[in-house]
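Chemist: Mind looking at a prediction? Sequence and model below.
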Amino acid sequence: MITPLNTLPADLSITLPTGETIRHILLGSPGGIRQTIHLLHNLKYVEPSQWSPLIEIPDNQLILTPNQGDVISILMKRL
């Protein structure tokens with residue numbers, strides 16, 4: 001079950017385990033992914049160099065349902 005954003009605690013550091021590794025996956029057009037990577041950098045969340053290169057999605061080998069021409073980029077960040 002996904003928790004609605006308006007019910008999250010104000011201080012997330014209280015509820016997240018220290019040192020937990022989370023995975024971010026961006027799925028969308030190459031331009032949209034690049035724009036999001038730069039937005040996260042401007043927010044001082046992560047350096048663009050920490051993302052993987054854009055990865056083409058092979059036919060029928062991804063459980064997510066991509067749109068035509070979508071790619072993914074993956075980031076693993078230790079909290």
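Modeler: Good, I have the coordinates. Numbers count the residues shown, from 1 in each chain.

Chemist: Okay, now the sheet partners of the helix-or-strand element of the chain with minimal mean pLDDT, with direction.
Modeler: Every helix and strand in the chain was compared by mean pLDDT, DSSP states H and E; the lowest is strand 71-78, with a mean of 74. The strands beside strand 71-78 in its sheet (DSSP bridges) come out as strand 21-28 (antiparallel), strand 55-56 (antiparallel).

Chemist: Kindly reformat those strands as CSV containing mean pLDDT, mean neighbour count and distance to S73.
Modeler: Glycine gets a C-beta too; all of them are placed from N, C-alpha and C. Formatted as CSV, these follow (pLDDT from 0 to 100; neighbours: other CB atoms under 10 Å; distance: least, CB to CB, whole Å):
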stretch, mean pLDDT, mean neighbour count, distance to S73
strand 21-28, 80, 13, 5
strand 55-56, 87, 10, 7
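
Chemist: who's in contact with the least confident helix or strand of the chain?
Modeler: Residues from elsewhere that reach strand 71-78, judged by CB atoms under 8 Å, 6 or more residues apart in numbering: 19-30, 33, 37, 46, 50-57, 62, 66.
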